[in-house]
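Undergrad: next one to model:
(one chain, ligands or ions: 2)
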Amino acid sequence: MKSTIQVHDKHFEVFIEQSVLEKRITALASSINQDYAGKQPLFLAILNGSFMFAAELMKSITVSCEITFLRVSSYQATESTGKVHQILGLSESIENRDIIIIEDIIDTGLTMIEIKKQLLAQNPSSLSVATLFQKPEALKQPIEIEYIGFEIENKFVLGYGLDYDGLGRNLADLYVLSE
Ligand SMILES: O=P(O)(O)OC[C@H]1O[C@H](OP(=O)(O)OP(=O)(O)O)[C@H](O)[C@@H]1O
Ligand code: HPA
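TA: Ligands and ions are numbered 1, 2, ... in the order given. A predicted model of the protein is given here:
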């Protein structure tokens with residue numbers, strides 16, 4: 001029987017175990033190390049959800065690099081355009097820097113499209129995206145993602161930094177909502 005947990009009113013079951021997540025993250029780090037050899041990238045980790053992925057990824061990054069953390073505020077637009085997001089807390093200049101955004105999940109893609117748009121306006125040398133999870137079926141617009149950990153089905157997931165109404169970020173495995 002699968003091990004299930006309850007968070008608030010919902011039940012979740014283990015979907016991807018920690019050891020599998022970590023192995024894949026190490027492989028993503030290797031690709032980044034190869035691609036950025038001789039460069040000094042600045043990683044931008046998007047809070048809150050990416051903290052666990054960012055920590056694990058950074059342990060296997062061997063190129064000289066920096067990391068900083070960004071928050072993104074979201075609110076409902078007055079028109080029916082969906083969520084609008086604004087970047088908060090970017091204090092350093094990213095002009096002429098090689099930027100790698102670290103995100104836990106790209107779902108509809110709306111958050112990442114807005115983040116990329118706002119960062120590109122600040123003239124980085126390059127801008128790439130590393131996400132641990134992506135839901136291809138949920139994507140609302142095409143978006144270029146250079147490093148993808150896992151393509152997952154269009155179901156709500158929890159753990160490894162991702163929350164359900166604030167809870168579950170501390171879970172070491174990834175869980176999925178039970179049917
Ligand atoms: O592709 P999208 O549909 O835009 O969804 C993805 C965004 O949703 C989550 O953040 P959330 O706003 O839940 O904040 P959190 O990281 O603090 O949980 C996730 O970390 C992404 O930023
Ligand atoms: O599936 C999800 N789980 C948790 N947070 C999220 N934010 C976007 N998609 C998800």
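Undergrad: CA atoms for contacts and neighbours, from now on please.
TA: Will do.
Undergrad: tell me the mean pLDDT for stretch 168-179?
TA: For stretch 168-179, mean pLDDT is 96.
Undergrad: how far off centre is it?
TA: Put simply, stretch 168-179 sits 16 Å off its chain's centre (Cα atoms, centre = their mean, to the nearest Å).
Undergrad: what does this protein have sitting close to ligand 2?
TA: 107, 156-158, 162-164 (Cα under 6 Å from any ligand atom).
Undergrad: tell me if the helix or strand hosting residue 100 is near ligand 1.
TA: Taking DSSP states H and E as the definition, one finds residue 100 inside strand 98-106. Yes: using Cα under 6 Å from any ligand atom, strand 98-106 reaches ligand 1 at 104-106.
Undergrad: in the protein, where's the longest helix?
TA: Counting residues, the longest helix found in the chain (DSSP state H) is helix 18-35.
Undergrad: what's it in contact with?
TA: Outside helix 18-35, the residues within contact range by Cα atoms under 8 Å, 6 or more residues apart in numbering are 53, 56-58, 60-63, 132, 147-149, 172-174.
Undergrad: over to stretch 130-145?
TA: Stretch 130-145 is contacted from outside by 25, 53, 100-110, 113, 128-129, 146-154, using Cα under 8 Å, 6+ apart.
Undergrad: also stretch 154-164?
TA: So stretch 154-164 is contacted by 7, 12, 48-53, 104, 135-138, 168-177 (Cα under 8 Å, 6+ apart).
Undergrad: redo that, cut-off 6 Å
TA: 49, 52, 135, 168-169, 171-177 (Cα atoms under 6 Å, 6 or more residues apart in numbering).
Undergrad: want to throw these into TSV with distance to ligand 1 and neighbour count?
TA: Below are these laid out as TSV (distance: Cα to the nearest ligand atom, whole Å; neighbours: other Cα atoms under 10 Å):
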residue	distance to ligand 1	neighbour count
49	4	20
52	11	18
135	9	18
168	10	21
169	9	21
171	14	16
172	16	17
173	16	20
174	14	22
175	15	24
176	15	18
177	16	17
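Undergrad: among these, name the ones in helices.
TA: Counted as lying in helices by DSSP H, out of the contacts of stretch 154-164, are residue 52.
Undergrad: show me which of the contacts of stretch 154-164 is closest to residue 41.
TA: residue 52 (19.4 Å; Cα to Cα).
Undergrad: nearest residue to the closest one other than its sequence neighbours?
TA: residue 161 (5.5 Å; Cα to Cα, 6 or more residues apart in numbering).
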